[in-house]
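Novice: pasting the structure only:
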């Protein structure tokens, strides 16, 4: 589910204009795109899917990169699919058990990186059946802040 949801969400963000891919001519010379992996959807998102999403803001939000500002169109669409979105600014104390999906966004992790302990907590959640959406907008953000989580995603 985590891969198909990630692909679906990324496509949605691109279609909504929230992610604006740059042409390769605008990328730094040392930027090499990674070919996409072919994946089979593990789940279908439909209007009656429903569930609970936790958006982590523990590591500092940059210029409104949170569900109520920059991602408001995205969150409205998700809410219309029956999901409820919650946020946390204390991931270490957060109980993930009520949630179906966790959102890790570089814009909501601007000030500091995820620790190895936090990354382990996230992957225990995923290994127990939880979904994970990792959003890294562009190569000019502090993507290293979400790398401890993304490193295990394959």
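Specialist: Great, that's in hand. Since the structure is predicted, the reported quantities are computational estimates derived from the model, not experimental observations.

Novice: and residue 142, what does it touch?
Specialist: With contacts defined as CB atoms under 8 Å, 6 or more residues apart in numbering, the neighbours of residue 142 are 106, 109-110. Where you see a C-beta, it was placed from the backbone N, CA and C, and this is true even at glycine.

Novice: Now, these that are in strands?
Specialist: Of the contacts of residue 142, none are assigned to strands by DSSP state E.

Novice: can you put those residues in CSV and add pLDDT?
Specialist: As requested, those are exported to CSV (pLDDT from 0 to 100):
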residue, pLDDT
106, 90
109, 90
110, 92
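
Novice: can you give me the helices in the protein?
Specialist: Ranges of helices in the chain, per DSSP state H, are 2-15, 72-80, 116-127, 147-150.

Novice: mean pLDDT lowest for which of those?
Specialist: Across these, helix 2-15 has the smallest mean pLDDT, namely a mean of 43.

Novice: and residue 90, what does it touch?
Specialist: Applying CB under 8 Å, 6+ apart to residue 90 gives the contacts residue 58.

Novice: List the contacts of residue 134.
Specialist: With the criterion set at CB under 8 Å, 6+ apart, residue 134 makes contact with 6, 104-105, 146, 149-150, 153.

Novice: thinking again about what came up before, buried ones among the contacts of residue 142?
Specialist: Buried members of those, scored by 16 or more other CB atoms under 10 Å, are 106, 109-110.

Novice: I'd guessed residue 54 sits against residue 83; true?
Specialist: No: using CB atoms under 8 Å, residue 54 is not in contact with residue 83; the gap is 10.8 Å.

Novice: what do the two both touch?
Specialist: Common neighbours of residue 54 and residue 83 (CB under 8 Å, 6+ apart) are residue 101.

Novice: Could you check which of those two has the larger neighbour count?
Specialist: Comparing residue 54 with residue 83 by other CB atoms under 10 Å, the one with more neighbours is residue 54, at 22 against 17.

Novice: Any idea what that one is bridged to?
Specialist: With DSSP bridges as the criterion, residue 54 is bridged to residue 86, residue 102.

Novice: Also residue 133?
Specialist: Beta-bridge partners recorded for residue 133 (DSSP bridges): residue 103.
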